[in-house]
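>>> I would like to see how this sequence folds:
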Amino acid sequence: MSEHKYPEVTVGALIFNPNSKVLLIKSHKWKGKYTIPGGHIELGETIEDALIREIKEETGLDIYEPKFVCLQEFIFDDSFWKKKHFIFLDYVCRANSTDVKLNEEAEDWKWFDLNEALNSNDVENYTKKLIREYKSKFL
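Residues are numbered from 1 along each chain as shown. Model (predicted):
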């Protein structure tokens, strides 16, 4: 069981590069699947500040133009390596660079076309739902 007695609020984003591809990272936490970078909001931190910080820490990228896409609930789903209850605040944003520098939380990264990510068995389902939500709202 999770050590928390309440849901954990996290931020993450589809990051578009200048070539309109999105960055996904492969993580052991997601059983080797590709997902969006992101993480927890720290006490006293705004949602957007947490998003900017987490993306910088995990990928080395500076992002801009964050736009909220959707909220997702994750309640003890087997797709994560620990039993957790998350509330995902999912965004879309841009980066001017394609030079990714991963920290220790991820094993690999790849720039995906949106349709390629939706059709890949290597992309986890919450990321696919985010992509579908993004496409329905912004394309």
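>>> Would you mind extracting the C-alpha trace of the one helix or strand residue 118 maps to into PDB?
Here residue 118, judged by DSSP states H and E, is contained in helix 114-119. Extracted C-alpha coordinates of helix 114-119, given in PDB (Å, rounded to 0.1, in the frame of the first residue of the first chain):
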ATOM      1  CA  LEU A 114       1.500  12.200 -32.300                       C
ATOM      2  CA  ASN A 115      -0.100   9.400 -34.400                       C
ATOM      3  CA  GLU A 116       3.000   7.300 -34.000                       C
ATOM      4  CA  ALA A 117       2.700   7.600 -30.200                       C
ATOM      5  CA  LEU A 118      -1.000   6.700 -30.200                       C
ATOM      6  CA  ASN A 119      -0.300   3.600 -32.300                       C
END
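>>> Quick check: next helix or strand after it?
Where DSSP H and E defines the elements, the next helix or strand beyond helix 114-119 is helix 125-138.
>>> Pull the distance from that next one to the chain's centre.
With CA atoms, centre = their mean, to the nearest Å as the basis, helix 125-138 stands 12 Å off its chain's centre.
>>> could you give the mean pLDDT of it?
For helix 125-138, mean pLDDT rounds to 98.
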